[in-house]
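Participant: next one to model:
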Amino acid sequence: MNLNVRLAFTFIIGCIYVENMYCTNLKHLMDAAVDERMRVIARNKRSVSTTQTNTSDENEAKERRKKVTELLDNLLQQHDKYMRPGFGGPPLDIHVNFVLTSLGPFYDFEASSDDSSRHVSIDPEAGVQVQSEGGKGRNSADGQEPEFTFQCFFRHFWTDERLQFNDSLEAVLILNSIMLDQVWKPDTFFRGNAQNSYIHDITQPNRLFRLESNGSIIFSTRFTITAKCPMDFSNFPMDTQKCIIDFGSYGYSVNDMVYHWMNTTEEPPVTNTADSQMAQFKFHDYKIGEKLLISSTGNYSMLTLTFYFTRSLGFFVLQTYLPCTMIVCLSWVAFWINREAAPARISLGITTVLTMTTFSISSRGQIPKVSYPSAMDWFVLVSYFFVFMALVEYAAVNYFTKRNEMGKNYLSSSKIQNGPPAKKARLDEQNNEVVDSPPFKNMNSFCVRLIACLCGSIRYQEWKVRHMTTQFNSVSQIDELCRILFPCTFIFFNICYWSFYLLSQQMGENRFKLDNLT
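Facilitator: Numbering: from 1, shown residues only. Okay, the predicted model is just below:
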C-alpha cells in the first residue's frame, strides 16, 4: 500500500513538473513570435514612410525642374541676344581672367620645324573669336618670327540685368553650354600676333556657363592659342624675352564696352597652374595692362598680358660653347710640336679651322636670319680667330726662323757674294779679328727685327746668318711666346665675355620685376 502511494505521488509530481516546463517554453515561444511580429510591423511602417518620402522628394524635384524651366523660358522670352545689356546707357564692364594650364612649346626652338600646327575653325557662337592663319609650323630659322603656345581657361564676368530672377528658387543656375547660344556674349578677339587657336571640344565643347540671381554671368572657355613672339637675339643664348598677348572687343567701342582685369582675392587676374620649366625657357613672371586702341572705326578697350621668359643656357654650353673651347685648346697643341714637323702642324691647323667653320654655320642656324650678331656669334667668331691665328703663327715661325743648314747655303749663295758690298764687317789689323757691326740700332728689339725681316733687308739677313745659333729641332721663340700669350688672352676674353652677358641677363630679369611694380 505504501509503495503504491509513493508511486502515485511520484507520478503526480512528475506530471506537474512536465506541465510547468511546457508552459514555460510555450510562453517563450509566444513572446518571440510577438516580438517578431512587432519587428515586421515596424519594418513595414518604415518602408511605407521611406516610399512616401521618396515619392515626396521626386515630386518636389519635378516641381523644381518645372519651375526652373519656366523661369528660363520667361527669361529668354524677354531677352534679346543681339543687343548688349544696358543698350543706350553707359558702357558695359567686362571683367576677365586667365587660368594657365600649360606653357610652351616655343616654335621652332622646342618643336620640330615640320610639325603641322593644328588649325581648327572656331564656331562664332562660342563667344571667343581668334584671328587665325592655317598652315604648317613655322621655322624660326627661316626668317619667320618665333611663336609660343599656351593653354588656358579664359573667363568672362559681366552682368545682364535682363536675366535677373528671384533667388528663392535658386541662387546660382549651373546651365549647359547650349544655353550660351540663346544669350548675348561679348565678341572678344585676340588681335595682331595670334596665329593658330582652337577651342577644345573633347568630349563636349569645353565651356562653362553660370547665371546668378542678380544677373551676373560667368562664361569660361578652355582653348589653346599660338601667337607670335618677336624676340631680340642680341644676347642669345643668355637672353630674356617677353611675349605679349592683347585682346578686346571686335565691334563694340569704348562707348559700349570696357574691358577690365578681374583682380580680387578669389579671382586673381592670372593664375598659373602650369609647369614653369620648359626645354629651353623658364617662365619668369607676367604683367597685365589696359590700353586704348584708336582706329578709323572708333576707339576700343584692349587688355594686354605680357609673359616674361628667361632662356636656359645648359643646352648651348654642351652643344656649342664647350666644343668650341676644346677646339681652340686643341689648336694650341701645335705650339709644342717641333717647327720642323710641317705636315703635322699644318694638318692640325687646317683641321681645327675647318671644324670651327662648321660650328659657326651650325650655331647661326639656331636663330632666325637676323642682321645683327648674337652673343653666341661673337664667341664663335673670336674662337675662330684664335684657331686661325694658331695656323698663321706657324707661317710666322717658318718665316722668321731658319735652320743652320739653310744659313750655310745662304752664305754660299751668289746673292750674297755678287750682291752689293757688305758694310757689315771691317778688318782690325791690330788683332786680326772680325768685328761685326749691326745693320740697325737696337737690334735687341723684337719690333726692329720684325720690320727689318718683313722689308727683306739683305744687311739684316747677313747679320742674322752670322749670329745664328739655332740647331735642328730647336724651339722657336715665337712658339714659346704663343704658349703663354694664346691661353692667357683666351682666358681673359672668356672672363670678359661671361661677365658681360650673364650680368646683362640678370639686369633683364631685374627689369621684369621693375615692370611689374610700375
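Participant: surely residue 221 is within a strand?
Facilitator: Yes. Under DSSP: H, G, I helix; E, B strand; the rest coil, residue 221 sits within a strand.
Participant: was I right about it contacting residue 198?
Facilitator: No. At 10.9 Å, residue 221 does not count as touching residue 198 under the criterion of Cβ atoms under 8 Å. No exception for glycine: its C-beta is placed from N, CA and C like everyone else's.
Participant: looking at the two, which one has more neighbours?
Facilitator: residue 221 (23 against 17; other Cβ atoms under 10 Å).
Participant: beta partners for the more buried one?
Facilitator: residue 154, residue 207 (DSSP bridges).
Participant: which pLDDT value belongs to it?
Facilitator: pLDDT for residue 221: 93.
Participant: likewise residue 373?
Facilitator: pLDDT recorded at residue 373 is 91.
Participant: how close does the closest residue to it other than its chain neighbours get to residue 364?
Facilitator: Using Cβ to Cβ, 6 or more residues apart in numbering and skipping residues adjacent in sequence, the residue nearest residue 373 is residue 381, 7.4 Å away. Distance, residue 381 to residue 364, by Cβ to Cβ, to the nearest Å: 10 Å.
Participant: between these two, who's got more neighbours?
Facilitator: Per other Cβ under 10 Å, whichever of residue 381 and residue 364 has more neighbours is residue 364, with 16 against 13.
Participant: ok, that one - contacts?
Facilitator: residue 377 (Cβ atoms under 8 Å, 6 or more residues apart in numbering).
Participant: okay, it and residue 373: tell me how far apart.
Facilitator: For residue 364 relative to residue 373 (Cβ to Cβ), the value is 9 Å.
Participant: ok, now residue 351?
Facilitator: Counting by Cβ to Cβ, the gap from residue 351 to residue 373 is 26 Å.
Participant: one step back: shared neighbours of residue 364 and residue 373, anything?
Facilitator: Common neighbours of residue 364 and residue 373 (criterion: Cβ under 8 Å, 6+ apart): none identified.
Participant: how about residue 82: what's its closest non-neighbour residue?
Facilitator: Residue 82's closest residue in space is residue 184 (Cβ to Cβ, 6+ apart), at 7.3 Å.
Participant: return the residues in contact with the one you found.
Facilitator: Taking Cβ under 8 Å, 6+ apart as the test, what residue 184 contacts is 79, 80, 81, 82, 83, 84, 85, 160.
Participant: report the two of these separated the most.
Facilitator: Greatest spacing in the contacts of residue 184, by Cβ to Cβ: 82 and 160 (13.2 Å).
Participant: which of the two has more neighbours?
Facilitator: residue 160 (20 against 6).
Participant: give me the pLDDT for the more buried one.
Facilitator: pLDDT at residue 160 comes out at 93.
Participant: any idea how far residue 324 is from it?
Facilitator: Distance, residue 160 to residue 324, by Cβ to Cβ: 63 Å.
Participant: can you check residue 58 too?
Facilitator: Per Cβ to Cβ, residue 58 is found 78 Å from residue 324.
Participant: cool, and residue 335?
Facilitator: Per Cβ to Cβ, residue 335 is found 19 Å from residue 324.
Participant: same question for residue 38.
Facilitator: Distance from residue 38 to residue 324, by Cβ to Cβ: 96 Å.
Participant: ok, residue 451 next?
Facilitator: Distance, residue 451 to residue 324, by Cβ to Cβ: 35 Å.
Participant: check residue 382 too.
Facilitator: Taking Cβ to Cβ as the measure, residue 382 falls 9 Å from residue 324.
Participant: strands along the stretch 351-500 of the chain, start to end?
Facilitator: Under the criterion DSSP state E, counting those that start in this stretch, the stretch 351-500 of the chain contains strands at 425-428, 433-436.
Participant: so what's the residue count around residue 190?
Facilitator: 22.
Participant: quick check, pLDDT for it.
Facilitator: 88.
Participant: that one contacts residue 245, doesn't it?
Facilitator: Yes. Taking contacts as Cβ under 8 Å, residue 190 lies within contact range of residue 245: 6.5 Å.
Participant: joint contacts of those two?
Facilitator: 225, 227.
Participant: spit out the contact partners of residue 80.
Facilitator: Counted by Cβ under 8 Å, 6+ apart, residue 80 has contacts 162, 184.
Participant: do the same with residue 513
Facilitator: Contacts of residue 513 by Cβ under 8 Å, 6+ apart are residue 285.
Participant: what is the mean pLDDT for the strand or helix carrying it?
Facilitator: According to DSSP states H and E, residue 513 maps onto helix 477-517. Mean pLDDT, helix 477-517: 88.
Participant: got it, and stretch 269-281?
Facilitator: 82.
Participant: show me which residues of stretch 283-298 are buried.
Facilitator: Neighbour counts over stretch 283-298 (16 or more other Cβ atoms under 10 Å) mark 283, 284, 285, 286, 287, 288 as buried.
Participant: now residue 158: closest residue in space that isn't a chain neighbour?
Facilitator: Nearest non-adjacent residue to residue 158 (Cβ to Cβ, 6+ apart): residue 94, at 5.1 Å.
Participant: looking at strand pairing, list the partners for the one you found.
Facilitator: With DSSP bridges as the rule, residue 94 is bridged to residue 259.
Participant: swap in residue 240?
Facilitator: With DSSP bridges as the rule, residue 240 is bridged to residue 310.
Participant: against residue 251, how distant is it?
Facilitator: 37 Å.
Participant: swap in residue 299?
Facilitator: According to Cβ to Cβ, residue 299 and residue 251 sit 13 Å apart.
Participant: what's the answer for residue 308, then?
Facilitator: Counting by Cβ to Cβ - residue 308 and residue 251 are separated by 32 Å.
Participant: so between those two, which is more surrounded?
Facilitator: residue 308 (21 against 13).
Participant: which other helices and strands contact whatever helix or strand the more buried one lives in?
Facilitator: Here residue 308, judged by DSSP H and E, is contained in strand 298-311. If you count contacts as 3 or more Cβ pairs under 8 Å, 6 or more residues apart in numbering; DSSP states H and E, strand 298-311 packs onto strand 92-107, strand 240-249, strand 257-261, strand 281-295, helix 477-517.
Participant: now do the first one and strand 257-261, the angle between them.
Facilitator: It refers to strand 92-107. 60 degrees (axes from the mean of the first three to the mean of the last three Cα atoms, to 10 degrees).
Participant: buried ones in strand 92-107?
Facilitator: Neighbour-count burial for strand 92-107 flags 92, 94-101, 103-107 (criterion: 16+ other Cβ under 10 Å).
Participant: quick one: which of the residues you listed is nearest residue 510?
Facilitator: The closest of those, once distances to residue 510 are taken by Cβ to Cβ, is residue 103, at 22.0 Å.
Participant: I'd like the distance between the closest one and residue 283.
Facilitator: Counting by Cβ to Cβ - residue 103 and residue 283 are separated by 6 Å.
Participant: also residue 71?
Facilitator: 44 Å.
Participant: what's the answer for residue 221, then?
Facilitator: Plainly put, residue 221 is 22 Å away from residue 283 if you go by Cβ to Cβ.
Participant: now residue 491
Facilitator: Applying Cβ to Cβ, the value for residue 491 to residue 283 is 35 Å.
Participant: circling back: the helix holding residue 513 vs strand 298-311, what angle?
Facilitator: Per the same axes, to 10 degrees, the angle that helix 477-517 makes with strand 298-311 is 140 degrees.
Participant: quick one: helix 477-517 to strand 240-249, angle?
Facilitator: 30 degrees.
Participant: for burial, what's the neighbour tally of residue 277?
Facilitator: Applying other Cβ under 10 Å, we find 11 residues neighbouring residue 277.
Participant: ok, now which ones touch it?
Facilitator: Applying Cβ under 8 Å, 6+ apart, the residues near residue 277 are residue 283.
Participant: can we see that at 10 Å?
Facilitator: 103, 104, 283, 312 (Cβ atoms under 10 Å, 6 or more residues apart in numbering).
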